[in-house]
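**Student:** Based on what follows, work out the 3D shape:
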Amino acid sequence: MNGYGPKDLAAAFRTVRKNTVQVAEDIPEDKYDFVAAPGVMSVRAMLSHIIYSPRIQEGMHRGTPVTTLKGFDFSALHAKNAPEERKTRSKAETVELLKSEGERVAKWLESTTPDFLAQTFTDTTGQNPRTRFESLMGVKEHEMHHRGQLMLVERLLGVVPHLTRQREEMMRQRQAAAAARQ
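**Tutor:** Numbers count the residues shown, from 1 in each chain. Just a heads-up that it's a prediction; the model follows:
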């Protein structure tokens, strides 16, 4: 491995989830059913998807880890998660689940070992080996993809994303400090 281990993976996931929670908190509850374009998930559906999608990776790597995805039943995992993912929840319930499920996943990532993360498995053809580490990084990357979509939705709703607000505040502080030095 390259020095990036289980604790780093968990910390990175926690950072991503913290930012997703902030987005969920910033979007008004009356906009949770907003759909940006036909065929796109609503805010509520996307947040629910973010909450439950790590279970796919857990299904592959937790308990009895796969050695190949050949014959792996993704449909069964999706079907198992679908009832929970489709539930209509309040904003408060959604935010709480983002936090609790996020911490549950982070603790699991943290409990893995470097040897486990270095193990390989193959794709559905029984070829193209990749490491569990690569696969589990996908949990974070998948969430970041959807959070990017949600940040665009925030803009459509007139909400300035928190990361933009933070960057603008840092710029204001730098400008003020530079002006004070003159």
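**Student:** And the residue most central in space within the chain, how far from residue 158?
**Tutor:** Central residue of the chain (CA atoms, centre = their mean): residue 143, 2.6 Å from the mean position. Between residue 143 and residue 158 the distance is 24 Å, computed by CB to CB, to the nearest Å. Where you see a C-beta, it was placed from the backbone N, CA and C, and this is true even at glycine.
**Student:** do residue 99 as well
**Tutor:** Computed as CB to CB, the residue 99 to residue 158 distance reads 25 Å.
**Student:** neighbour count winner among those two?
**Tutor:** residue 99 (16 against 8; other CB atoms under 10 Å).
**Student:** Nearest residue to the more buried one in space, ignoring adjacent ones along the chain?
**Tutor:** Of all residues not flanking residue 99 in the chain, residue 21 sits nearest, at 6.0 Å (CB to CB, 6 or more residues apart in numbering).
**Student:** just residue 133 next, same as before
**Tutor:** residue 117 (3.9 Å).
**Student:** looking at this, that neighbour is in a helix?
**Tutor:** Yes. Residue state for residue 117 (DSSP: H, G, I helix; E, B strand; the rest coil) corresponds to a helix.
**Student:** Other residues contacting the lowest-mean-pLDDT helix or strand in the chain?
**Tutor:** For the chain, using mean pLDDT, DSSP states H and E, the weakest element among its helices and strands is helix 74-86, scoring a mean of 90. Outside helix 74-86, the residues that touch it by CB atoms under 8 Å, 6 or more residues apart in numbering are 45, 48-49, 51-53, 55-56, 59.
**Student:** repeat for stretch 138-145
**Tutor:** 9, 12-13, 16-17, 20, 50, 53-54, 57, 105, 109.
**Student:** most surrounded residue in the residues you listed?
**Tutor:** residue 50 (28 neighbours).
**Student:** tell me which element that one is part of?
**Tutor:** helix 43-52 (DSSP states H and E).
**Student:** residues touching the residue nearest to residue 133, list them.
**Tutor:** Applying CB under 8 Å, 6+ apart, the residues contacting residue 117 are 1, 5-6, 9, 131-133, 136.
**Student:** Show me just the buried residues among these.
**Tutor:** 5-6, 9, 132-133, 136 (16 or more other CB atoms under 10 Å).
**Student:** in what helix or strand does residue 177 lie?
**Tutor:** helix 162-181.
**Student:** Point out the other helices and strands that that helix packs with.
**Tutor:** When contacts are defined as 3 or more CB pairs under 8 Å, 6 or more residues apart in numbering; DSSP states H and E, helix 162-181 sits against helix 6-26.
**Student:** Send over the helix it packs on as CSV, restricted to the C-alpha atoms.
**Tutor:** Output in CSV follows, covering the C-alpha atoms of helix 6-26 (Å, rounded to 0.1, in the frame of the first residue of the first chain):
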residue,chain,number,x,y,z
PRO,A,6,-8.1,2.3,6.7
LYS,A,7,-8.0,5.3,9.1
ASP,A,8,-7.3,7.6,6.1
LEU,A,9,-10.1,6.0,4.1
ALA,A,10,-12.6,6.5,7.0
ALA,A,11,-11.5,10.1,7.6
ALA,A,12,-11.9,10.9,3.9
PHE,A,13,-15.4,9.4,3.9
ARG,A,14,-16.3,11.3,7.1
THR,A,15,-15.2,14.6,5.4
VAL,A,16,-17.3,13.8,2.3
ARG,A,17,-20.3,12.8,4.4
LYS,A,18,-20.0,16.0,6.6
ASN,A,19,-20.2,18.1,3.5
THR,A,20,-23.2,16.1,2.2
VAL,A,21,-24.9,16.6,5.6
GLN,A,22,-24.3,20.4,5.3
VAL,A,23,-25.9,20.4,1.8
ALA,A,24,-28.9,18.5,3.1
GLU,A,25,-29.2,21.0,6.0
ASP,A,26,-28.9,24.0,3.7
